[in-house]
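Trainee: Sequence plus the predicted model coming up.
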Amino acid sequence: MGYETILTAEHGDGPLKAGVVTLNRPTQLNALSDTLMNELGDALRRYDADDGIGCVVVTGSQKAFAAGADISEMAEFDYVQAYREDFISRNWEIVTTVRKPVIAAVAGFALGGGCELAMMCDLVVAAETAKFGQPEIRLGVIPGAGGTQRLPRAVGKAKAMDMVLTARLIDAAEAERIGLVSRVVPAERLMDEALAVADQICRLSLPSIMLAKECVERAYETPLAEGIRFERRIFHSLFGTGDQREGMAAFLEKRAPVFRHE
Ligand code: HXC
């Protein structure tokens, strides 16, 4: 697509493939510049609209998933500029509007905006080398891409306060223990594992995958009773799909289902 700061590729041999976005500013440890976030948003929107794509993997390099928002771009901001340009909301929030699953495959540093970007994704597969942190406090600011909100929801107040107030980095083992990441794998297996998760999702019924994602997201937005009601309505609606007929018939006939995503 002629991107400057990301690479894109498709992976898989089924009818639905995984879109793979690799953050690619290696000399700046994938610092999340405005251009990079515009390009990431563009790639995610394209994959979301592409009928041949079932989910997306976002990854970085072995050294860094992303070392944060680009400090050299932010250093001279003033308040009015940050506000008028709608800094962060304008392009970063696109990640949270993707309706297909987004998997973060994280090796090395995921700091500041990098940790926040990982938390915007649906699953995080981490290499044993991954290090997560919210070190913005050392720069005289605070997390600005959802860190103060998503981190406590993911790991609870005690660990979130520790990370946000002291800038302590945590390793992959601790991140898994406290619920920040889904799985930890050896560094050399990171992409194989993340793509295996992606392939598994791509083989399932896309409407049920998308609706399942929407339901889990709803858990963060609503009281329990409303969330349960939402889930129940979605669950009922899936009996209107051909994929429900196929999935249950295949189970009863002891064969693999062939989902048509309808
Ligand atoms: C711009 C960055 C950068 C960043 C690293 N670099 N992080 N440039 N923005 N966030 C650049 C360095 O300036 C350096 O460029 C090159 O990448 C390599 O980094 P080094 O520091 O030399 O590497 P190393 O010694 O291995 O240390 C790695 C590191 C350190 C521990 C990750 O780079 C670091 O502390 N980075 C900043 C982490 C941070 O504070 N992130 C939060 C950002 S604020 P040169 O040209 O010198 O080679 C944030 C706000 C979020 O994210 C709110 C809105 C999203």
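Mentor: Ah, there it is. Numbers count the residues shown, from 1 in each chain.
Trainee: State the pLDDT value of the residue lying closest to Gly114 once chain neighbours are set aside.
Mentor: Leaving aside its chain neighbours, Gly114 sits nearest to Ala66 (3.2 Å; criterion: Cβ to Cβ, 6 or more residues apart in numbering). Just so you know, the C-beta spots here come from the backbone N, C-alpha and C atoms, and that holds for glycine as well. Model confidence at Ala66, expressed as pLDDT, equals 98.
Trainee: what about Ala66, how many residues close to it?
Mentor: 31 (other Cβ atoms under 10 Å).
Trainee: now it, which residues is it bridged with?
Mentor: Ala110 (DSSP bridges).
Trainee: correct me, but it touches Leu117?
Mentor: Yes - Ala66 is within contact range of Leu117, at 6.0 Å (criterion: Cβ atoms under 8 Å).
Trainee: Now do the shared contacts for those two.
Mentor: 32, 110 (Cβ atoms under 8 Å, 6 or more residues apart in numbering).
Trainee: what's the helix ranked longest in the chain packed up against?
Mentor: The residue-count maximum for a helix in the chain (DSSP state H) belongs to helix 34-49. Contacts defined by 3 or more Cβ pairs under 8 Å, 6 or more residues apart in numbering; DSSP states H and E place helix 34-49 against strand 6-11, strand 17-23, strand 53-59.
Trainee: Quick one: closest of those to the ligand.
Mentor: Using Cβ to the nearest ligand atom as the measure, strand 17-23 is the one of the helices and strands packed on helix 34-49 that comes nearest the ligand, at 12.2 Å.
Trainee: check whether that closest one contacts the ligand.
Mentor: No - if you take Cβ under 6 Å from any ligand atom as the test, strand 17-23 misses the ligand, and the best it gets is 12.2 Å.
Trainee: That strand vs helix 34-49, what angle?
Mentor: Taking axes from the mean of the first three to the mean of the last three Cα atoms, to 10 degrees, strand 17-23 and helix 34-49 form an angle of 180 degrees between their directions.
Trainee: got a list of contacts for strand 17-23?
Mentor: 5-12, 30, 32, 36, 40, 43-44, 46-47, 50, 52-61, 65-66, 195, 198-199, 201-202.
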